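Chemist: sharing a sequence plus its predicted fold:
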Amino acid sequence: QKAKDQKAKDQESKKWEAKARYYLRSIGMPKIKGHYTPPGKKELTENQKEIKRRKSNERKKRKRDEMPDGEKEIEKEFRSDGKMISEWKQREEEKLKTTASEEGRKSEKYQEAYAVFEQGNYAGSQKRAELSKLEEIASEEGEKSERYKEAYNAFDKERKGRAKAREDERARKRAKLKSQQAPSQQEERSGNDREKDEDDVKDEDESME
């Protein structure tokens, strides 16, 4: 019974943690390192995640292979730009974490927690656990600071701008490719029409004979 109660308690705790994270993301807070599961969605095992990832990659590759050469080149550039944006995003998120930590250490809550930590006689894994708690407090308090909010808003604006510019560039290149393909398709159609007209004339001549 004790084990059942503990399991129920853990499940309830996970549920509320998921709700809290889901809410934070909905109001624009940056995603915490790791991942979270939205309420009502079942957590996948590592094996299931790997299978899902592999199937997704296979589907994307199949779709790319079916594309005409010109479009393949556009998609290749698009993915390359995406990788650069992803690397930039990672660097900026690290800067944001540093900003939050720096600002959080100035907070009253952190100072009080640090004073308590200094009085304790911690060692080994316990010391690491306490330092981790202090870092969490610093991050939470730092994210409330004006400096962090300004930095996050600037990052978010830049991120959205880069993503939009990337999408716009792909759309522009696709439109250009289609316009280049249109005349050759028109010529092909005209050629087919000419052949059809010649066949019609030939048929008429044969019928007259």
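Modeler: Yes, it's here.
Chemist: what helix or strand is the most centrally placed residue in the chain located in?
Modeler: In the chain, the residue lying closest to the centroid (Cα atoms, centre = their mean) is Ser86, at 8.1 Å. Take DSSP states H and E as the rule and Ser86 turns out to sit in helix 69-104.
Chemist: and the next element down the chain from that helix?
Modeler: helix 108-119.
Chemist: list the buried residues in that following helix.
Modeler: For helix 108-119, burial by neighbour count (16 or more other Cβ atoms under 10 Å) applies to Tyr110, Ala113, Tyr114. In short, each C-beta sits where N, CA and C put it, glycine included.
Chemist: tell me the angle the next helix or strand after that helix makes with helix 69-104.
Modeler: Later in the chain than helix 108-119, the nearest helix or strand by DSSP H and E is helix 124-142. Put simply, helix 124-142 runs at 100 degrees to helix 69-104, going by axes from the mean of the first three to the mean of the last three Cα atoms, to 10 degrees.
Chemist: what comes up buried for helix 124-142?
Modeler: Glu130, Leu134, Glu135, Ile137, Ala138, Ser139, Glu141, Gly142.
Chemist: and the fourth one, how close does it get to Ala100?
Modeler: Ile137 sits 11 Å away from Ala100, going by Cβ to Cβ, to the nearest Å.
Chemist: the last one too?
Modeler: The span separating Gly142 from Ala100 equals 3 Å under the rule Cβ to Cβ.
Chemist: low pLDDT regions in the protein?
Modeler: Along the chain, segments meeting pLDDT under 70 span 21-43, 182-209.
Chemist: just to revisit the earlier point, which neighbours do Gly142 and Ala100 share?
Modeler: Shared contacts of Gly142 and Ala100 (Cβ atoms under 8 Å, 6 or more residues apart in numbering): Tyr148.
Chemist: what number of residues lie near Ala69?
Modeler: Just to correct that, residue 69 is Asp rather than Ala. Asp69 has 7 neighbouring residues, counting by other Cβ atoms under 10 Å.
Chemist: show me the contacts for it.
Modeler: Asp69 neighbours (Cβ under 8 Å, 6+ apart): none.
Chemist: same question, the one 5 residues further on
Modeler: Applying Cβ under 8 Å, 6+ apart to Ile74 gives the contacts Arg170, Lys173, Arg174, Leu177.
Chemist: ok, now with 6 Å
Modeler: Each residue near Ile74 by Cβ atoms under 6 Å, 6 or more residues apart in numbering is listed here: Lys173.
Chemist: against Asp5, how distant is it?
Modeler: As for Ile74, its distance to Asp5 is 58 Å (criterion: Cβ to Cβ).
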